[in-house]
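>>> Just to be clear, the model below is a prediction. Sequence and coordinates:
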Amino acid sequence: MKIYNFSAGPAMLPVEVMQLAQKEFTDYSGSGSGILELSHRGKFFKPVIDRAEANVRKILNLSDDYAVIFVQGGASMQFAMIPMNLLNGGTADYVDTGVWSNKASKEAKFFGTANIAASSRDDKYDHLPKRETWKLTPGAAYLHITSNNTIAGTQYPDFPDAPTGVPLIADMSSDILSRRFDANKFGLIYAGAQKNLGPSGLALVVMRKELAARADEAKVPTMLRYSTYIENGSMFNTPPTFGIYILALVTDWIIQRGGLAAIEEINNAKAAKLYGFLDDSSFFKTPVKGADRSRMNVVFRTPSDELDAKFVAEAEKCGLTQLKGHRLVGGCRASIYNAMPMEGIEALIGFMKKFESENK
């Protein structure tokens, strides 16, 4: 039976990547050792981290003004690391569109003021606040958004402009490298790897080099300064070598498939097919307003909590796994990241049709 993994993260990776990693697991590049066993400063790993960086630069078309670094701790550590380096007791604006953006704003309060410029929390995060309602702080240290909300199932269809002189910062953990966008308009982008990039425990950070100079080195520990990673090529200490290796393979895969234009076309088609079914169904419903629907995390419900649970259990028996909604909101959720093939969407819709006919 073919298994389709709809987990929100850690999530499925491209089968070609997993197969290559398996092939090289005990003997990387004729070394006689696996990549997990090789020195991060040796002749085998250095080309891997260099390729991972070069691939990210190529895919995002980054200028030389940007640094690409690999940081342990995932996106959650970036919630604190960003204000620790950039806030300096000032005020930053946060747009609260979900659980993770809310958590990020709370971490910022340890280092300055986090102004909630707009929020959809009172509406259970079922939409993104309209840009004209945002109440921004003149001269803010930065403006922070979450590009895709994994739990709520919302996503910015396009990105806002920050006021002149204010760096735009985005948590792109759950839609990084899933569509085309102008990365050079951002001051800093960060993403936990475990959805579209690789295994958990690693964060990709893309940032304007000039921002690293904002940190007060007398107050920010060495390993939490962005400058430490930039100046040492992400190898001040032993980096998460296996995670970086997988990220290199995943970005190889993206380039081989035609880059973000090709990836975006496939992702749009997958999401359109699944939302099309949901919109036509009288049984399944999605709470997210049309324009703000995520192309990565599709949230939906049956008519009752009991049927939600039955749906998840029966779907798993048919090889459709990890469809339970987040514990904070319940319901069901299909995470359809880059690695999910169209065949997985078709299999899910086929099962949903059958379940609907049997449970009306």
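Right, received. Where do you want to start? From a predicted model like this one, the values you see are computed outputs, not experimental measurements. Residues are numbered from 1 along each chain as shown.

>>> The stretch 251-360 of the chain: strands as residue ranges?
297-300, 320-321, 332-335 (DSSP state E, counting those that start in this stretch).

>>> tell me the average confidence for the shortest one?
Which is strand 320-321. Average pLDDT, strand 320-321: 98.

>>> Name every sheet partner of it and say whether each one runs parallel or antiparallel.
Applying DSSP bridges, strand 320-321 is found paired with strand 4-5 (parallel).

>>> just checking, next helix/strand downstream of the strand it pairs with?
Next helix or strand after strand 4-5 toward the C-terminus (DSSP states H and E): helix 15-24.

>>> List the buried residues of that following helix.
Neighbour-count burial for helix 15-24, with 16 or more other C-beta atoms under 10 Å as criterion, is recorded at 17, 21, 24. For glycine as for every other residue, the C-beta is placed from the backbone atoms N, C-alpha and C.

>>> Also stretch 201-215?
So stretch 201-215, judged by 16+ other C-beta under 10 Å, has buried residues 202, 203, 204, 205, 206, 207, 211, 212, 214, 215.

>>> Could you single out the nearest of the buried residues of helix 15-24 to residue 356?
Closest approach to residue 356 among the buried residues of helix 15-24 (C-beta to C-beta): residue 17, at 34.4 Å.

>>> so who does that closest one touch?
Each residue near residue 17 by C-beta atoms under 8 Å, 6 or more residues apart in numbering is listed here: 246, 249, 250, 253, 339.

>>> Could you rerun that using 7 Å?
246, 249, 250, 253 (C-beta atoms under 7 Å, 6 or more residues apart in numbering).

>>> pretty sure the first one contacts residue 20?
In other words, residue 246. No - the pair residue 246 / residue 20 is not scored as a contact, 9.8 Å apart, by C-beta atoms under 7 Å.

>>> Let's verify residue 204: helix, strand, or coil?
strand (DSSP: H, G, I helix; E, B strand; the rest coil).

>>> check contacts around it.
56, 70, 176, 190, 191, 193, 197, 247.

>>> number of nearby residues for the first one?
For residue 56, the tally of surrounding residues (other C-beta atoms under 10 Å) stands at 24.

>>> Ok, the last one next?
Residue neighbour count, defined by other C-beta under 10 Å, stands at 28 for residue 247.

>>> of the buried residues of helix 15-24, closest to residue 317?
For the buried residues of helix 15-24, the nearest to residue 317 is residue 17 (27.5 Å; C-beta to C-beta).

>>> Identify the residue spatially nearest to that closest one, adjacent ones excluded.
Distances taken as C-beta to C-beta, 6 or more residues apart in numbering place residue 249 nearest to residue 17, at 4.6 Å, with adjacent residues excluded.

>>> Quick one: neighbours of the one you found, just the number.
By other C-beta under 10 Å, neighbour count at residue 249 equals 22.

>>> what's near enough to touch it?
17, 20, 21.

>>> quick check, nearest of these to residue 289?
Using C-beta to C-beta, these come closest to residue 289 at residue 17, 34.4 Å.

>>> Tell me the one of the contacts of residue 249 nearest residue 113?
The closest of these, once distances to residue 113 are taken by C-beta to C-beta, is residue 17, at 42.3 Å.

>>> measure that closest one to residue 57 for me?
Taking C-beta to C-beta, to the nearest Å as the measure, residue 17 falls 20 Å from residue 57.

>>> and the residue positioned nearest the centre of the chain, which of the three is it?
Centrality entry for the chain: nearest residue to the mean C-alpha point is residue 173, 1.8 Å, by C-alpha atoms, centre = their mean. Secondary structure state of residue 173, per three-state DSSP, is coil.

>>> From what I see, it and residue 191 are in contact.
Yes - contact criterion C-beta under 7 Å: residue 173 and residue 191 qualify, at 4.6 Å.

>>> so what sits against both of these two?
Counting by C-beta under 7 Å, 6+ apart, the residues touching both residue 173 and residue 191 are residue 75.

>>> If you count neighbours, what's buried in the longest helix along the chain?
As assigned by DSSP state H, the longest helix anywhere in the chain is helix 259-280. By 16+ other C-beta under 10 Å, the buried positions in helix 259-280 come out as 259, 260, 263, 264, 266, 267, 270, 271, 274, 275, 277, 278.
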